[in-house]
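Asks: build me a model from this:
(2 chains)
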Amino acid sequence: MKALRRYIDKIKPNFLKGGKFQKLHSTFEAFETFLFVPNTVTKTGSHIRDSVDMKRTMALVVMALVPALLFGMWNIGYHYSLSVGAKSTILSNFWYGFLRVIPLIAVSYIVGLGIEFIFAQIRGHEVNEGFLVSGILIPMVVPVDVPLWMVAVATAFAVIIGKEVFGGTGMNILNPALTARAFLFFAYPGWMSGDTVWISKLTRGEGIVDGFSGATPLAEAAAGNIDNIPDPWDMFLGTIPGSIGETSTIAILIGAVILIFTGIGSWKIITSVFAGGLAMGFILNLFAVNPFMEVPAWQHLIMGGFAFGAVFMATDPVTATQTEKGKWIYGFLIGVLAILIRVLNPAYPEGVMLAILLMNVFAPLIDHYVVNANIKRRLRRTKLSAQQ
Amino acid sequence: MSAIVRGERRRILEVVIRADEEMRYESFRQGDPSTMKREEITENLLKSGLWPFIRQRPYNIIANPQDTPKAIFISCFDTSPLAPDYDFSLKGEEESFRNGINALLKLTDGKIHLGVNGDYPVTDVFGNLDNVQYSFFRGPHPAGNVGIQIHHIDPVNKGDLVWTVNPQDVIMIGRLFEKGTYNASRVVALTGSEIKTPRYYKTMNGASIEPLIRDNLISRNLRFVSGNVLTGKRIQKNGFIGYYDSQVTVIPEGDHFEFIGWALPGLKKYSMSRTFLAWMMPNREFRLDTNLNGGRRAFVMSGQYEKVLPMDIYPVQLLKAILVEDIDLMENLGIYEVAEEDMALCEYVCTSKTEVQTILRQGFELMIKELG
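Replies: Numbers count the residues shown, from 1 in each chain, chains lettered A, B, ... in the order given. The predicted model follows:
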């Protein structure tokens, strides 16, 4: 490592002001700090600082996503084998899915990070780590068969319009990964919903076993085919068609445990999203007039992208509410809206994405009222003490 | 006088004075402060040079002798890292403390509040006073910060003024009235992971740390801090103990690179979050250095500051109000109630490595400039 450090120190002057490659300063710095935690020390104030930094935080979120990602890879292979009626093993299924998902991840990272590097360079900032998470989230929330170029376009849209125009990580209003998904959803709806996109190569329709359906449980429920909804246990495990990372509730819950335990994800948001979903599910059950509304409330939590959205999307600290009280309100409303849109709006088979994006927009408003309550308390106190 | 140390923009940082061989005291007025008038007490404190020990909230600056505060607050315990135990270091100073309190009582129309540690019985130094109001506080840092205590007893509203004094400084004020001298002797705690034998020293206010650390250091390349590691002032190896401090801390400098440090398991990395495996180490002891442990970023994480700030204040919103220089908003969000030390832990825990204390001070300076 010492040799590597020496090499970096040797080439570093080229990237500093006045150097040959000073235009690539941010890029160099991103790679340098990726390899080495820098030697900057505190000047005054608190002379010691917590060991955690943005890189560690984001790396841990990625780690929390790994169980769902690995399961998603296997699930792709599994469903592919089912659809063509081939014999398969756990390993062969995983390998198949792995090969299908890696290109998506690569495209998302290359496009997204490329844009981030350019913007950091223009602004003279350090490259922010936020996209490390967005870059893995984007492939996990799309169907496996979505063309790579679409992912590239959506990623570019999300990073530029969703994030950089606002000033980069920390300033954005909408969750970048969901912005990418929403872009795909509205620009290329044929690739984002339906009965064929969820299974690898089903869109081409070659060699499919007779009677195989690639419909997601939500599609079945929306069509009123309640009998076709898979066993709850299957939905909990995740052996159902769906976006790459969203199907396995148990894998997502493992991620949730990591996020909550390390203190990175807000348990308040996660639990309140689930509570909101459950509450809305019960209300729909009470007034049920069609089979979809009769689906037991708790089953909504393991269908579609609900759990994934609650754990990995709603908890994005930048686009969620910042105040602790606000987090309860924000999460609860996401849960309520997600189920409301899912069940009652015929145009959208799933409501989680739109619910979170909508609440992203409203998060500052919720915070505003929470903070204003604090201001009012303080003013009242001032008045009282003035009267005495 | 042997030197004047200047810093940025030729600001005076230190005035170094060489002491004479023999200690001689100038005499000031002596007498029982409870029989003296307010003006006499103020004059005596100003003449003797003890007045700056009295600080005011808001803004945590030296009090103005013309003002009358609504109350005076004294925190009788220090919860900051490796802090001296006042119960021990001020032992035997009962009389001086009592006299100091009597003098301070003349300066306010309101009460004197003593914040004491609720986990231990009140010791003789602080106990047995019938003219003060006791409040008991429990819990980890910053429970011992006077700002936190004020917030929970009698918060500083707009237009309010309270004063604060450290207990060891109350004792110096007491001595002035007992003996008529500026007796600067005080007990200082020498602390930090790089000190061979951490201990208390009886020395003088403003003394050089050189004799204390001689042959007492474990390693080289060190950070010397007058005060504690959260709020203290950086000093040189041959530097001096600060006016308000009764603690010197020595920790390793962290000016080293760490290969993929952010990705390692981190068995030796201390963190309030559980993002490093250090949380599972039994009897963990850490050697914290001055490395920033990362790069500066925009505010990203939320809820971190609130965990270490036991006040009804929204810290991030307050800091943002300061950054955009919105005076009304700063006022509404409680800038009058905080001092740098109260939010020092926010700075410590910040994932984005925000300079919380520096921003706060900028806010104070702006308020003083705009509102006086």
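
Asks: give me the neighbour count for residue 204.
Replies: All of this is about chain A. As a burial measure, A:Arg204 scores 10 neighbours (other C-beta atoms under 10 Å in any protein chain shown). C-beta here means a position set from N, CA and C on the backbone, and glycine is covered the same way.

Asks: I was thinking of chain B, sorry if that wasn't clear
Replies: As a burial measure, the neighbour count of B:Met204 was computed by other C-beta under 10 Å and equals 15.

Asks: correct me, but it touches B:Val187?
Replies: No. Taking contacts as C-beta atoms under 8 Å, B:Met204 lies outside contact range of B:Val187: 10.8 Å.

Asks: separation between the residue of the stretch 1-150 of chain A found nearest chain B and A:Ala59?
Replies: Here the stretch 1-150 of chain A gets closest to chain B at one residue, A:Asp53, 2.4 Å apart by C-beta to the nearest C-beta. Distance, A:Asp53 to A:Ala59, using C-beta to C-beta, to the nearest Å: 10 Å.

Asks: now residue 27. Nearest residue, chain neighbours left out?
Replies: I'll assume chain A. Of all residues not flanking A:Thr27 in the chain, A:Phe117 sits nearest, at 5.2 Å (C-beta to C-beta, 6 or more residues apart in numbering or on different chains).

Asks: actually it's chain B I care about, not the one you picked
Replies: Distance criterion C-beta to C-beta, 6+ apart; nearest residue to B:Ser27, sequence neighbours excluded, is B:Gly180 at 4.9 Å.

Asks: list the contacts of the one you found.
Replies: B:27-30 (C-beta atoms under 8 Å, 6 or more residues apart in numbering or on different chains).

Asks: relative to chain A, which of those is nearest.
Replies: B:Phe28 (34.5 Å).

Asks: list the contacts for the closest one?
Replies: B:44, B:47-48, B:176, B:180-182.

Asks: of those, grab the buried ones for PyMOL.
Replies: Applying 16 or more other C-beta atoms under 10 Å in any protein chain shown to those, the buried members can be selected in PyMOL as follows:
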select buried, chain B and resi 44+48+176+180+181+182
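
Asks: mind putting the contacts of B:Phe28 into CSV with pLDDT and secondary structure?
Replies: Written out in CSV, the entries for the contacts of B:Phe28 read as follows (pLDDT from 0 to 100; DSSP: H, G, I helix; E, B strand; the rest coil):
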residue, pLDDT, secondary structure
B:Asn44, 93, helix
B:Lys47, 93, helix
B:Ser48, 92, helix
B:Leu176, 93, helix
B:Gly180, 90, coil
B:Thr181, 90, coil
B:Tyr182, 90, coil
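
Asks: looking at the contacts of B:Phe28, which is nearest chain A?
Replies: Minimum distance to chain A across the contacts of B:Phe28 is 28.9 Å, recorded for B:Tyr182 (C-beta to the nearest C-beta).

Asks: correct me, but the closest one touches B:Glu26?
Replies: Yes. B:Tyr182 lies in contact with B:Glu26 (C-beta under 8 Å); the separation is 7.0 Å.

Asks: pLDDT weak spots in the stretch 101-250 of chain A?
Replies: For the stretch 101-250 of chain A, the stretches with pLDDT under 70 are A:206-207.

Asks: now do the strands in it.
Replies: Counting by DSSP state E, counting those that start in this stretch, the stretch 101-250 of chain A has no strands to list.

Asks: which positions in it make contact with chain B?
Replies: Within the stretch 101-250 of chain A, the positions adjacent to chain B are A:126, A:128-130, A:167-171 by C-beta under 8 Å from any C-beta of the partner chain.

Asks: what number of residues lie near the residue nearest to A:Thr27?
Replies: The burial metric for A:Phe117, expressed as a neighbour count using other C-beta under 10 Å, is 17.

Asks: returning to that earlier point: quick check: the residue of the stretch 1-150 of chain A closest to chain B touching B:Gly295?
Replies: Yes. Between A:Asp53 and B:Gly295 a contact is recorded at 6.8 Å, counting by C-beta under 8 Å.

Asks: shared neighbours, the two?
Replies: Looking at what touches both A:Asp53 and B:Gly295 (by C-beta under 8 Å, 6+ apart), the common residues are B:Lys353.

Asks: the more surrounded of those two?
Replies: Set side by side, A:Asp53 and B:Gly295 show unequal neighbour counts under other C-beta under 10 Å, the larger going to A:Asp53 at 28 against 21.

Asks: okay, that one: pLDDT?
Replies: In the predicted model, A:Asp53 carries a pLDDT score of 90.

Asks: for it, give me phi and psi.
Replies: A:Asp53 has phi and psi values of phi -140, psi -180 when expressed as degrees, to the nearest 10.

Asks: run through the residues that contact it.
Replies: For A:Asp53, counting by C-beta under 8 Å, 6+ apart, the contacting residues are A:37, B:262, B:293-295, B:351, B:353.

Asks: same question for A:Ser92.
Replies: Contacts of A:Ser92 were listed using C-beta under 8 Å, 6+ apart, and they are A:77, A:81.

Asks: one more pass at 10 Å, please.
Replies: The neighbours of A:Ser92, taking C-beta atoms under 10 Å, 6 or more residues apart in numbering or on different chains as the test, are A:74, A:77-78, A:81, A:86.

Asks: next one: A:Leu35
Replies: For A:Leu35, the contacting residues are A:1, A:4-5, A:8, B:257-261, taking C-beta under 10 Å, 6+ apart as the criterion.

Asks: the residue nearest to A:Thr27 reaches A:Lys23, doesn't it?
Replies: No. Here A:Phe117 does not reach A:Lys23: they are 11.3 Å apart, not a contact under C-beta atoms under 10 Å.

Asks: which neighbours do B:Tyr182 and B:Glu26 share?
Replies: Taking C-beta under 10 Å, 6+ apart as the contact definition, B:Tyr182 and B:Glu26 share the neighbouring residues B:47-49.

Asks: I figured A:Ala223 hits A:Gly194, correct?
Replies: No. With contact defined as C-beta under 10 Å, A:Ala223 does not reach A:Gly194; the gap is 11.7 Å.

Asks: just the strands in chain B please.
Replies: The residue ranges that make up the strands of chain B, judged by DSSP state E, are B:3-6, B:12-16, B:55-57, B:61-62, B:71-75, B:111-117, B:133-137, B:162-164, B:185-191, B:199-204, B:222-226, B:233-235, B:247-252, B:258-259.

Asks: would TSV of those with mean pLDDT and distance to chain A be doable?
Replies: What follows is the strands of chain B, written out as TSV (pLDDT from 0 to 100; distance: least, C-beta to the nearest C-beta, whole Å):
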stretch	mean pLDDT	distance to chain A
strand B:3-6	82	16
strand B:12-16	83	12
strand B:55-57	94	14
strand B:61-62	95	17
strand B:71-75	96	12
strand B:111-117	95	14
strand B:133-137	95	17
strand B:162-164	97	12
strand B:185-191	93	13
strand B:199-204	93	21
strand B:222-226	94	6
strand B:233-235	92	6
strand B:247-252	95	7
strand B:258-259	82	4
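
Asks: so what's B:Pro252 up against?
Replies: B:Pro252 neighbours (C-beta under 10 Å, 6+ apart): B:192-194, B:218-223, B:287-291.

Asks: repeat that for 6 Å
Replies: Under the criterion of C-beta atoms under 6 Å, 6 or more residues apart in numbering or on different chains, the neighbours of B:Pro252 are B:194, B:289.

Asks: nearest to chain B: which residue in the stretch 151-300 of chain A?
Replies: Among the residues of the stretch 151-300 of chain A, A:Gly170 lies closest to chain B, at 3.0 Å counting by C-beta to the nearest C-beta.

Asks: and that residue, how many residues sit next to it?
Replies: The burial metric for A:Gly170, expressed as a neighbour count using other C-beta under 10 Å, is 18.

Asks: shouldn't it be in contact with B:Val300?
Replies: Yes. When contacts are counted by C-beta atoms under 6 Å, A:Gly170 is listed as touching B:Val300 (4.9 Å).
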